[in-house]
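Asks: Give me coordinates for this.
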Amino acid sequence: MPAKRSASRRSWSSDLKKVDATPIKRAHYRELPALTEQMIARGEVRRAGRPRAKNPRVQLTIRLPADVLARWKATGPGWQTRMAERLSR
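Replies: Purely as a prediction, here's the structure:
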């Protein structure tokens, strides 16, 4: 039996043109709370993304024998981290 399809087909395209074309009316602003100095003072700016690493990684190209690499990969997920730990000793 085939799987049921959703009643409405969703499109992956953007609707930004439609949103930009919608005029903003004065009545829309009545729904927003008044912005006070206290609200502004509470605000904080945060950087997006991960925090900067104390010891950042450097990309390096190295040639290793295939059997050595296969043994490391056979140890499972996290093999690159374990290899880095072993080399840093």
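
Asks: Okay, now the unreliable bits of this protein?
Replies: For the chain, applying pLDDT under 70 flags the ranges 1-12.

Asks: That one: helices as residue ranges?
Replies: Using DSSP state H, the helices of the chain run over 16-21, 26-30, 37-42, 66-74, 79-87.

Asks: distance of Arg86 from Gly78?
Replies: 12 Å (Cβ to Cβ, to the nearest Å). The way it works is simple: take the backbone N, C-alpha and C, and place the C-beta from them, glycine included.

Asks: what's the answer for Pro56, then?
Replies: 19 Å.

Asks: Any idea how many residues pack against Leu69?
Replies: Leu69 has 13 neighbouring residues, counting by other Cβ atoms under 10 Å.

Asks: Look up how far Thr75 lies from it.
Replies: Taking Cβ to Cβ, one finds Leu69 at 11 Å from Thr75.

Asks: quick one on the thing from earlier: same drill for Pro56 and Gly78, tell me which one is more crowded.
Replies: Between Pro56 and Gly78, Gly78 has the larger neighbour count (other Cβ under 10 Å), namely 9 against 6.

Asks: Quick check: the more buried one vs Glu85, distance?
Replies: 10 Å.

Asks: Can you pull up the most central residue in the chain?
Replies: Most central in the chain under Cα atoms, centre = their mean is Gly49, positioned 7.2 Å from the mean C-alpha point.

Asks: related to what we said a few turns ago, distance to Leu60 added to the helices of the chain, as JSON lines?
Replies: Listed next are the helices of the chain as JSON lines, based on distance: least, Cβ to Cβ, whole Å:
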{"stretch": "helix 16-21", "distance to Leu60": "41"}
{"stretch": "helix 26-30", "distance to Leu60": "54"}
{"stretch": "helix 37-42", "distance to Leu60": "45"}
{"stretch": "helix 66-74", "distance to Leu60": "14"}
{"stretch": "helix 79-87", "distance to Leu60": "11"}
